[in-house]
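J.: Quick one: sequence and predicted model below, then my questions.
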Amino acid sequence: MVTLSNMFGELIRRVEALGVSTEVTLYRLFLGDQDSTTGHYRKGFTIDTITEVHFPRGTAISVGALGYYTRYEWTGFTDNEALDLGDVVLDSFGRYFEVQSKRPWHIADQQIVYELEMEQLAVFPFLAGFFGFEDEEHGLIGYGFEDGFERGYWAL
């Protein structure tokens with residue numbers, strides 16, 4: 001029997017019964033030092049594994065007696081409180097998604113799950129032309145960027 005306390009677990013069970021993994025790689029965003037020239041903060045990501053499932057717009061989901069119709073381009077569900085805006089999720093199909101918004105999903109006075117608005121990315125943000133370069137003696141010594149028109153290097 002599906003109860004309020006196990007609704008997310010039932011959703012996960014149903015998705016996994018279809019042969020789809022609900023374990024995703026989470027790249028949790030953190031901001032580093034501020035660049036003195038541009039004023040932008042350096043982005044970094046820590047890596048973790050969480051349980052999350054997402055569906056494209058227009059998918060009807062039914063768990064127990066409750067039904068839901070996904071409204072975002074990609075709607076995700078997780079019970080992980082640490083997932084936040086700007087984080088990137090890599091699913092079992094090799095697709096990257098960035099979390100655009102996160103809101104708790106309540107039924108009566110119980111929080112069941114977090115609903116996520118997600119945007120599918122063509123590639124992981126740090127793989128889109130950015131690369132590190134290093135030498136054997138000193139390790140990582142700089143970063144580079146290549147966009148097809150120009151190439152730039154920055155020493156650390």
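T.: Received it, and whenever you're ready, just let me know what you need.

J.: Which of the residues in the helix or strand harbouring residue 13 are classified as buried?
T.: Element membership for residue 13 (DSSP states H and E) is helix 7-17. Going by neighbour count (16 or more other C-beta atoms under 10 Å), the buried part of helix 7-17 is 7-8, 11-12, 15. For glycine as for every other residue, the C-beta is placed from the backbone atoms N, C-alpha and C.

J.: now the strands for the chain?
T.: 23-34, 41-56, 60-63, 66-69, 74-78, 88-90, 96-107, 110-121, 130-135, 139-146, 151-155 (DSSP state E).

J.: Would you reformat those strands as JSON lines and include mean neighbour count?
T.: Formatted as JSON lines, the strands of the chain follow (neighbours: other C-beta atoms under 10 Å):
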{"stretch": "strand 23-34", "mean neighbour count": "14"}
{"stretch": "strand 41-56", "mean neighbour count": "15"}
{"stretch": "strand 60-63", "mean neighbour count": "14"}
{"stretch": "strand 66-69", "mean neighbour count": "12"}
{"stretch": "strand 74-78", "mean neighbour count": "23"}
{"stretch": "strand 88-90", "mean neighbour count": "20"}
{"stretch": "strand 96-107", "mean neighbour count": "15"}
{"stretch": "strand 110-121", "mean neighbour count": "18"}
{"stretch": "strand 130-135", "mean neighbour count": "12"}
{"stretch": "strand 139-146", "mean neighbour count": "12"}
{"stretch": "strand 151-155", "mean neighbour count": "10"}
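
J.: Would you agree residue 59 is in contact with residue 69?
T.: Yes - counting by C-beta atoms under 8 Å, residue 69 is a contact partner of residue 59 at 7.5 Å.
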